[in-house]
Each structure stands twice: as structure tokens, then as C-alpha cells.
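Enquirer: coordinates only, sequence not included:
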């Protein structure tokens, strides 16, 4: 405040009154090339089944996947990430390691439709097991739980099969200790030392995953995933330890999931590990609650979605996995 009068000399509103000035000083801008679109592929032909809890999203058979992938490429999206839903499930999720399995078919169909589109495969077992957990189960600890070490070898086989099918990037999401090291060893040993790994390094046991479990048909048959996914109430230091361990094992990119409720974790990871490509997953619950509110007339979907994604980007995520990817590309054009 100037001593000569009662009005401020520093007025931050000067940077806001003119739309051109506002655009000039913006530091966070959404870019379709930094967005990854999740797609769900299920066995069969001619299948395009809308996911009730995720309006505008579908389970697609491999023969219909190509149209979605070509549209994503035409919109300039940064890539897609594929989740497979097999015709049959078993205790070890064997379809996921089968070179003719549903996810392998999906990868090949995507690369055929748009060879230059980045195709990421989710590497996990929950979609493929009949019990819905992220690995092999046993009760040797006195309670039914995922056998971490028995699952590691299978994760390596799964990632290697995805690589043979043509995946450009593999993304392990099961939160098994040592998963990145096991996958890196399998890929290197199979002739895919060039293939990068994007690890879900800080993945929380979140209530925001509900609609995804409908989409991927992967709700646990009993129990929950708190024994391996991170506790939302734990300190940020545990997330940083997880990230550090995955980087030491050979992760090339890191992901935080969910995004919106964990902006503090995104920021902490960005600051602790500068230069490491950082992704965040704008998960199904974050998407669906806005969709529901917009359908009721309570929110402007576009405005809220853009604000949410901008906040995720501002927190430090250079890459965002989001179900709004196609819409954002249209809005920005």
C-alpha cells in the first residue's frame, strides 16, 4: 500500500481483467498429447456394451477396438491403455499370459488400426482371476492373501507376452513388492530391453475404484486389496519409498493412483524425483461422480473436468490417464 493514498499499488487483478493477459500468464495448459485413454476389451465379436456406471465408456470386442483407437489417434491423444476381460477366468489368471489371450488380441488389433499410437498394457491379474485378486492366493500367513513371490514370475510372463503382441509400454498395477524388477528381468531376458515400464508405484486402496470394477469385471470375490495396495491414511513418506524402490528396480515412468484425492502425493513425488516422467490416473470414481452430478444438472461437466485435470497437471503430473481424454481433445480444439 502506498503511504500517499489508501489504494493498492500492487494489483494482481491487472493480470486477470483482460482475457488475452490471462492467457499470456497461464502456466498450466492441458495438451491432448499428454493424455492416455483407458479402453476395456472383452472376448467375443461385435460387442459394444456400455458400462452403466461409466457413461460413454464401453466394453469392446477386439474387432470393434480399431475404430476407437483410430479416433484416439486422429484426436492427437498421447496413447491408450488396455484392460482385458477374458471369456474364462481361473485361479492364476492364465489368459493374461497366453499369447492368444484377450489382451494380446487387443494389443495386436490396436497396433494394426493405428501403428503409431502408443499402446500401453495394464499388467495385473485382477481382471483374469476367478477370485478377482491381483495374483496367486494362499493362506500360508494364516489369512487368505496374495502370494507376492509366486505372483512375480507370472507378472514377468504376462509382460513378456504383451511385449510379443506389440505393446509399446507395460504398466504393472498390482502393487507386488519386486514387481518392476521381475518384469524388467523378464523383458530383458526375452529380447525387449528397449521396452519401458510405467509402474503404478503409489497405488492406494481407494473407494474411488468402484466403477472400474464394473468396467473390468474385477471386484474381489472375497476380502479386499488392503493387504497390498497402499493405505490412504499412511504418510506420504511411504509413497516416496515405493517410488524409490520401483525406480531402483528399473521403472522408467511412475504413476500415482488415484489422482484428485492424492494431489499432495503427486506434488511430493515430483519434487523428490525431478526428471522422472510422472503420470497420474484420474480414476473411474472421479469421472463418474462428475458425470452423475452433470446429468442431474448440478455441475457443468466440461468446466469441472477441465478444472480437475488442470489441478492434476499443476500438481506435477505431466501425463494423465483419463476417461475424458477424447472429450478434452474436442474441447481444446
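Expert: On my side now, so go ahead. None of these values were measured; they are calculated from a predicted model. Residues are numbered from 1 along each chain as shown.
Enquirer: which ones are touching the most centrally placed residue in the chain?
Expert: The centroid of the chain falls nearest to residue 281 when counting by C-alpha atoms, centre = their mean (4.3 Å). Residues counted as contacts of residue 281 (C-beta atoms under 8 Å, 6 or more residues apart in numbering) are 200, 255-259, 320-322. The way it works is simple: take the backbone N, C-alpha and C, and place the C-beta from them, glycine included.
Enquirer: Could you report the pLDDT at the nearest residue to it once chain neighbours are set aside?
Expert: Distances taken as C-beta to C-beta, 6 or more residues apart in numbering place residue 257 nearest to residue 281, at 3.9 Å, with adjacent residues excluded. With respect to pLDDT, residue 257 scores 96.
Enquirer: For residue 257, grab the count of nearby residues.
Expert: Residue 257 has 24 neighbouring residues, counting by other C-beta atoms under 10 Å.
Enquirer: for it, phi and psi?
Expert: With angles defined as degrees, to the nearest 10, residue 257 sits at phi -150, psi 130.
Enquirer: Tell me the spacing between it and residue 122.
Expert: Distance, residue 257 to residue 122, by C-beta to C-beta, to the nearest Å: 11 Å.
Enquirer: Could you tell me which residues touch both of these two?
Expert: Common contact partners of residue 257 and residue 122 (C-beta under 8 Å, 6+ apart): residue 173.
Enquirer: Filter the contacts of residue 281 down to just the ones in strands.
Expert: 200, 255-257, 320-322 (DSSP state E).
Enquirer: top of those by neighbour count?
Expert: Counting by other C-beta under 10 Å, top hit in those: residue 256 with 30 neighbours.
Enquirer: OK, contacts around that one?
Expert: 201-203, 239, 262, 265-266, 269, 278-281, 317.
Enquirer: ok, of the ones in strands among the contacts of residue 281, which one's closest to residue 213?
Expert: Using C-beta to C-beta, residue 257 comes nearest to residue 213 of those, at 13.9 Å.
Enquirer: Would you check that that closest one makes contact with residue 283?
Expert: Yes. With contact defined as C-beta atoms under 8 Å, residue 257 reaches residue 283; the gap is 6.3 Å.
Enquirer: Need the overlap of contacts for these two.
Expert: Residues touching both residue 257 and residue 283 (C-beta under 8 Å, 6+ apart): residue 206.
Enquirer: now the helices: where do they sit in the stretch 101-250 of the chain?
Expert: Assigned by DSSP state H, counting those that start in this stretch, the helices in the stretch 101-250 of the chain fall at 102-113, 148-165, 179-189, 210-215, 236-249.
Enquirer: Of the ones you listed, which shows the lowest average pLDDT?
Expert: Of all these, helix 210-215 has the smallest average pLDDT, which comes to a mean of 81.
Enquirer: Give me the helices and strands touching that one, please.
Expert: Helices and strands touching helix 210-215, by 3 or more C-beta pairs under 8 Å, 6 or more residues apart in numbering; DSSP states H and E, are helix 284-295.
Enquirer: which helices and strands does the helix it packs on pack with?
Expert: Against helix 284-295 (3+ C-beta pairs under 8 Å, 6+ apart) you get helix 210-215, helix 301-315.
Enquirer: that older thread, same list, the ones in strands among the contacts of residue 281, but as a markdown table with distance to residue 191 please.
Expert: What follows is the ones in strands among the contacts of residue 281, written out as a markdown table (distance: C-beta to C-beta, whole Å):
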| residue | distance to residue 191 |
| --- | --- |
| 200 | 25 |
| 255 | 25 |
| 256 | 31 |
| 257 | 30 |
| 320 | 31 |
| 321 | 28 |
| 322 | 33 |
